[in-house]
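# Give me coordinates for this.
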Amino acid sequence: LKLKSLVMEGGKGSIIIVTTRSRTVAKIMATHPPIFLKGLDLERSLKLFSHVAFDGGKEPNDRELLAIGRDIVKKCAGVPLAIRTIGSLLYSRNLGRSDWLYFKEVEFSQIDLQKDKIFAILKLSYDHLPSFLKQCFAYCSLFPKGFEFDKKTLIQLWLAEGFIRPSNDNRCEENVGHEYFMNLLLMSLFQEVTTDDYGDISTCKMHYLIHDLAQLVVGKEYAIFEGKKENLGNRTRYLSSRTSLHFAKTSSSYKLRTVIVLQQPLYGSKNLDPLHVHFPFLLSLKC
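Take a look at the predicted model:
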């Protein structure tokens, strides 16, 4: 309501569009009847699915495979993120017709039993990630929604955590980390990429639903400190904060491995100085 009072004084002819997932918020903010967006129709859903699920974005001449894909798309309810995510999963695994059929009849039959089917579809993509990619994906939950990741910095953080496995072809760890990043991007777990002058990816973001998924799968091992003790627990190992960390001066029970302080200088910060004293298991400090 306070926000509404601020936006009511715009210039003549100005328009403000509020987007929300909550019907209650829409009802409070609306000066006109809210518009409830519908999902993509089946034709556009199939077009988007084909773009990400098939090599080169072209439909194969396999009618049975296309029919299976059509049934899978119907279960995505016209939600573009779900369509892209599940299509990317099928493409990355390079599955054949029998695998697609199993995927539809077994994997998706379990999704039908879930209350939030769209979220269940997104989690399915996570479940099929290899363990090392699951670690890298989960790590992103330490950053706030809408955070713009610098690709090189994110890879360096993965390296510092020991998430990147040595390769068998003598590639440097940064190149292996780049491969991890591109795999997550291929799975539509990253989006809104920007490129530098050479065409290389420099930054990306994570969709808010994907961020919700990351926070769900990490449980209590990862936490964002918001000034309340209940944010932390004995199982917390990775912690991020945008505020001071004075709680550390009176805490001794948390076995933290990593602390990330966002938007704060690392060196000369009085807030970080006592952490190694109060957290003997702490391995890394980052900002």
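
# ends of stretch 132-145, how far apart?
Separation of the first and last residues of stretch 132-145 by Cα to Cα, to the nearest Å is 23 Å.

# Kindly report the same for stretch 226-237.
16 Å.

# Run a quick neighbour tally on the residue nearest to M29 when sequence neighbours are not counted.
Spatial nearest neighbour of M29, excluding adjacent residues (Cβ to Cβ, 6 or more residues apart in numbering): V18 at 4.8 Å. (Each C-beta comes from the backbone N, C-alpha and C, glycine too.) For V18, the count of nearby residues is 14 (other Cβ atoms under 10 Å).

# ok, then the element right after the strand or helix carrying D212?
Assessed by DSSP states H and E, D212 sits inside helix 208-218. As assigned by DSSP H and E, the chain's next helix or strand after helix 208-218 is strand 222-225.

# So which elements touch the helix or strand following that following strand?
Following strand 222-225 in sequence order, the next helix or strand is strand 238-241 (DSSP H and E). With contacts taken as 3 or more Cβ pairs under 8 Å, 6 or more residues apart in numbering; DSSP states H and E, strand 238-241 sits against strand 222-225, strand 258-261.

# Could I get the contacting residues of the residue nearest to M29?
The contact partners of V18, taken as Cβ atoms under 8 Å, 6 or more residues apart in numbering, are 25-26, 29-30.

# 10 Å instead, please
Contact analysis of V18 by Cβ atoms under 10 Å, 6 or more residues apart in numbering lists 3-4, 7, 25-26, 28-31, 34.

# try T24
Going by Cβ under 10 Å, 6+ apart, T24 touches no other residue.

# rewinding a little: can you say which of the helices and strands packed on strand 238-241 is nearest to E161?
E161 lies closest, by Cβ to Cβ, to one member of the helices and strands packed on strand 238-241: strand 258-261, at 6.7 Å.

# Restrict the closest one to CA atoms and write it as PDB.
These are the backbone C-alpha positions of strand 258-261, laid out as PDB (Å, rounded to 0.1, in the frame of the first residue of the first chain):
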ATOM      1  CA  THR A 258      32.700 -20.500   3.400                       C
ATOM      2  CA  VAL A 259      31.600 -17.000   4.000                       C
ATOM      3  CA  ILE A 260      30.700 -14.700   1.100                       C
ATOM      4  CA  VAL A 261      30.200 -11.000   2.000                       C
END
